[in-house]
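Asker: Just the structure for this:
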Amino acid sequence: MAEPKSPGGERFKQLLLAKGLKYTLERRQIFAEVERMGEHFDADELFESLKKAGLHISRDTVYRNIPLLLECGAIQKSVGRGRREYFERLGAKGHHDHMVCLDCGNVIEFHSEQIEKLQQAICVEHGFELLFHDHRLFGRCQDCARGAGKTVSRR
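Answerer: Predicted coordinates:
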């Protein structure tokens, strides 16, 4: 069994082992494909990318592994086109959240240490173990709020 080459790969492997799951060839291939993806993606796009690479991994296997990739911090929920759940790998940018303009579709990425600390404190207060979170704010960007934005179809 090949050893992971990135810290995210090691976290993925350790999470699987802690849950009593096998670090299979398919899981290694899914993780490797996520590492190659540069754009935001949904589970179906990940499946199609694996298929184009000539790998024989079922759509169900991809869908079953998304929560594990989220939990180990290899990916985070993101924003994208349409109403599907989108993801992005956590690379050099690290964890961040999103503000989405409902008029023009502009996405603003941000990180707030205050929000991170507050949500952790809330989890402690309620005895809740936080594994990952999805924080998206929806509204209007400055341009659209002033009427200067381009209107595109709403999500």
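Asker: Give me the secondary structure label for the spatially most central residue of the chain.
Answerer: Centroid check for the chain by CA atoms, centre = their mean gives residue 76 as the closest residue, at 2.4 Å. Secondary structure for residue 76, judged by DSSP: H, G, I helix; E, B strand; the rest coil, is strand.
Asker: residue contacts, the closest residue to it other than its chain neighbours?
Answerer: For residue 76, ignoring the flanking residues on the chain, the nearest one in space by CB to CB, 6 or more residues apart in numbering is residue 90 at 5.7 Å. For the C-beta atoms, the positions are set from N, CA and C on the backbone; glycine is no exception. Residue 90 is in contact with 8, 73-76, counting by CB atoms under 8 Å, 6 or more residues apart in numbering.
Asker: Let me have these in CSV, extended by pLDDT.
Answerer: Shown next, in CSV, are the contacts of residue 90 (pLDDT from 0 to 100):
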residue, pLDDT
8, 72
73, 84
74, 87
75, 87
76, 82
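Asker: about what we covered before: give me the pLDDT value at the residue nearest to residue 76.
Answerer: Per-residue confidence (pLDDT) for residue 90: 77.
Asker: same question, residue 137
Answerer: Value for residue 137, per-residue pLDDT: 87.
Asker: helix/strand/coil for it?
Answerer: Quick answer, by three-state DSSP: residue 137 is strand.
Asker: beta partners for it?
Answerer: Per DSSP bridges, the residues bridged to residue 137 are residue 99.
Asker: Near it, how many other residues are there?
Answerer: 11 (other CB atoms under 10 Å).
Asker: Use 444 as the first number for this chain going forward.
Answerer: I'll keep to 444 as the first residue from here, and by that count the last item is residue 580.
Asker: and the gap between it and residue 556?
Answerer: 16 Å (CB to CB, to the nearest Å).
Asker: Look up how far residue 509 lies from the residue nearest to the centre of the chain.
Answerer: For residue 519 relative to residue 509 (CB to CB), the value is 11 Å.
Asker: who touches both of the two?
Answerer: Common neighbours of residue 519 and residue 509 (CB under 8 Å, 6+ apart) are residue 530.
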